[in-house]
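Chemist: structural data only, the sequence is not supplied:
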């Protein structure tokens with residue numbers, strides 16, 4: 001496994017050591033395999049949190065019982081995006097992921113602006129997940145042992161655990177995430193198959209819920225509530241689609257683990273497509289069983305009436321769980337909401353650390369190469385960028401705690417909206433960069449294909465743009481009670497300022513330091529034949545020549 005750079009200078013890459021001047025650090029190679037990458041990518045989507053948290057909102061304020069159809073639409077659009085994204089990963093392996101892809105496809109200026117936006121998104125996502133984890137953990141401890149522990153205690157414990165796991169070894173982090181993720185999937189599968197085999201509620205199977213065209217239908221139904229009173233329930237398909245897409249945020253992190261994976265040119269494309277389609281099929285099936293298990297009708301015990309009441313929204317899943325599996329399963333569900341939100345937060349911590357590391361090692365700002373861009377001498381981890389990420393997340397969490405803001409509605413909700421706004425914009429730019437890289441710049445004609453690198457990313461990118469529009473149209477609804485928060489109102493300004501600042505900085509570097517400009521967003525990993533692996537999985541050249549060089553593709 002070799003990383004090379006051609007251009008004004010060819011500095012050697014350091015593997016697991018802090019780089020000397022003129023060098024660029026790299027992360028520990030061969031540290032994680034296919035399933036480890038998949039686990040970390042799927043963990044960022046947090047299946048149990050997405051199902052129990054987002055599906056009731058899609059039902060009650062979006063598409064009603066056609067919620068599974070919205071997940072099907074999202075699977076199709078994101079699957080198209082993943083096809084092109086995976087083709088790019090065959091030729092560009094870099095911790096920078098979106099940053100590097102866009103730099104190659106749309107130019108270094110847009111690439112750096114996108115990298116800054118992505119870094120911001122992942123940084124606030126960890127703080128966001130700390131908020132929801134703390135609420136789940138506080139409620140669970142109170143329910144099990146009757147002790148009311150302040151939420152900030154759980155928040156600090158999560159931040160400390162994330163920092164430690166990232167410091168030591170990415171493989172350790174992937175194993176922890178793997179255990180949590182498998183447990184989540186097993187529990188959700190038990191729920192889904194219990195409904196499948198018992199036949200669900202009395203209204204039947206609701207086959208219309210699986211028609212993808214119904215994903216664009218808005219809720220409009222007369223519903224009988226539990227007390228016997230009737231109400232006219234309305235929703236917007238845009239809200240349903242937005243929350244469905246939101247449930248996938250993080251799957252794209254597969255590409256940033258390329259330098260640490262085994263055979264990344266093969267693993268990363270496979271992991272990306274497997275993550276998207278695997279998550280999609282699972283979401284469609286589980287959400288459909290939630291509708292079938294509660295009932296697709298408009299009666300007081302059916303799915304729609306259940307989700308219209310904020311106090312019973314989670315009963316869409318918990319009621320069939322208790323009926324089919326028993327109370328022990330409800331308790332286990334509560335525990336898994338805690339572990340699932342923790343796993344999601346830790347995966348985002350890893351993502352943020354990797355982006356900070358990828359930008360830092362290019363040394364665009366003097367000193368960053370020896371700090372943010374340094375990998376640990378022993379563990380090969382992005383340890384300094386990991387601690388920086390922990391510090392930023394800690395500051396955000398303490399700000400929300402000291403100001404008395406709600407950890408769920410404000411910390412989780414507002415930070416998730418801020419991050420989602422940034423990541424969706426970057427995803428759209430990434431899709432279009434695939435088209436530019438293969439068909440405008442004419443790179444790798446052997447890979448260029450009318451569907452895989454042109455039509456698929458074009459449709460995926462257009463879908464992403466549509467989701468961004470939905471986000472802005474429905475942002476106040478998504479924020480709920482936090483819509484009056486000053487931080488919420490500043491979201492468009494924060495995103496705009498960060499993007500423009502990245503553009504301006506890149507333009508300044510282009511004019512003042514052409515050598516650094518050539519390196520910007522073009523640090524990639526190559527795998528020429530004949531490279532052998534030494535102790536600890538570190539590649540070495542038996543002839544003693546430098547085995548790792550940066551490659552900057554102009």
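Modeler: Great, that's in hand. Keep in mind that what you see is a predicted model, and the values were worked out from it rather than measured.

Chemist: list the contacts of residue 478.
Modeler: Applying CB atoms under 8 Å, 6 or more residues apart in numbering to residue 478 gives the contacts 239, 242, 243, 413, 417, 471. For glycine as for every other residue, the C-beta is placed from the backbone atoms N, C-alpha and C.

Chemist: what is the neighbour count of the first one?
Modeler: Pointing back at residue 239 there. Close neighbours of residue 239, defined as other CB atoms under 10 Å, add up to 23.

Chemist: surely it meets residue 64?
Modeler: No - when contacts are counted by CB atoms under 8 Å, residue 239 is not listed as touching residue 64 (11.3 Å).

Chemist: common neighbours of these two, please.
Modeler: Between them, residue 239 and residue 64 share no contacting residue, judged by CB under 8 Å, 6+ apart.

Chemist: hmm, residue 166 and residue 351 touching each other?
Modeler: No - counting by CB under 8 Å, residue 351 sits too far from residue 166 to count as a contact (10.4 Å).

Chemist: and of the contacts of residue 478, the nearest to residue 188?
Modeler: Nearest to residue 188 among the contacts of residue 478 is residue 243, at 17.5 Å by CB to CB.

Chemist: does that closest one lie in a helix or a strand, and which?
Modeler: Secondary structure assignment for residue 243, by DSSP states H and E: helix 237-246.

Chemist: what about the lengthiest helix in the chain, distance to the chain center?
Modeler: Ranked by residue count and defined by DSSP state H, the top helix of the chain is helix 108-145. Here helix 108-145 is found 10 Å from its chain centre; the criterion is CA atoms, centre = their mean, to the nearest Å.

Chemist: buried set for that helix?
Modeler: 108-138, 140-141 (16 or more other CB atoms under 10 Å).

Chemist: same check on stretch 232-248?
Modeler: 233, 235-248.

Chemist: for residue 331, state which of the residues you listed is nearest.
Modeler: Comparing the buried residues of stretch 232-248 against residue 331 with CB to CB picks out residue 247 as the nearest, at 24.3 Å.

Chemist: check what pLDDT the residue positioned nearest the centre of the chain gets.
Modeler: Centroid-nearest residue in the chain: residue 250, 1.0 Å away (criterion: CA atoms, centre = their mean). Model confidence at residue 250, expressed as pLDDT, equals 71.

Chemist: please report how far it lies from residue 482.
Modeler: 22 Å (CB to CB, to the nearest Å).

Chemist: same deal with residue 195?
Modeler: 34 Å.

Chemist: what of residue 342?
Modeler: Going from residue 342 to residue 482 by CB to CB gives 22 Å.

Chemist: more crowded one of these two?
Modeler: Between residue 342 and residue 482, counting by other CB under 10 Å, residue 342 is the more crowded of the two (27 against 20).

Chemist: so the more buried one sits against residue 180, correct?
Modeler: Yes - with contact defined as CB under 8 Å, residue 342 and residue 180 form a contacting pair (7.0 Å).

Chemist: and the contacts of stretch 140-156?
Modeler: Contacts of stretch 140-156 (CB under 8 Å, 6+ apart): 130-131, 133-135, 137-138, 331, 334-335, 337-338, 394, 397, 401, 407.

Chemist: if you could redo that for stretch 389-399, that was the one I meant.
Modeler: Residues outside stretch 389-399 that contact it (CB under 8 Å, 6+ apart): 123-124, 126-127, 130-131, 152, 155-156, 159, 162-163, 166, 349, 352-353, 356, 411, 415.

Chemist: try stretch 435-445
Modeler: 84, 87-88, 91, 101, 104-106, 447-448, 453-454, 457-458, 461.

Chemist: following the helix holding residue 243, which helix or strand shows up next?
Modeler: helix 264-294.

Chemist: list the buried residues of that next one.
Modeler: Residues of helix 264-294 classed as buried by neighbour count (16+ other CB under 10 Å): 264-265, 267-276, 278-280, 282-294.

Chemist: packing partners of that helix?
Modeler: helix 34-45, helix 47-49, helix 55-58, helix 67-89, helix 170-198, helix 303-308, helix 315-325 (3 or more CB pairs under 8 Å, 6 or more residues apart in numbering; DSSP states H and E).

Chemist: show me what the second one is packed up against.
Modeler: Helices and strands touching helix 47-49, as assessed by 3+ CB pairs under 8 Å, 6+ apart, comprise helix 170-198, helix 264-294, helix 327-360.

Chemist: try 10 Å this time
Modeler: helix 108-145, helix 170-198, helix 264-294, helix 327-360 (3 or more CB pairs under 10 Å, 6 or more residues apart in numbering; DSSP states H and E).

Chemist: which one of those helices has the lowest average pLDDT?
Modeler: Comparing mean pLDDT across the helices and strands packed on helix 47-49, the weakest is helix 170-198, with a mean of 79.

Chemist: report the rounded mean pLDDT for the helix or strand just after that one.
Modeler: Using DSSP H and E, the helix or strand that follows helix 170-198 in sequence is strand 220-224. Averaging pLDDT along strand 220-224 gives 86.

Chemist: can you pull the buried residues of strand 220-224?
Modeler: Using 16+ other CB under 10 Å as the test for burial, strand 220-224 gives 223, 224.
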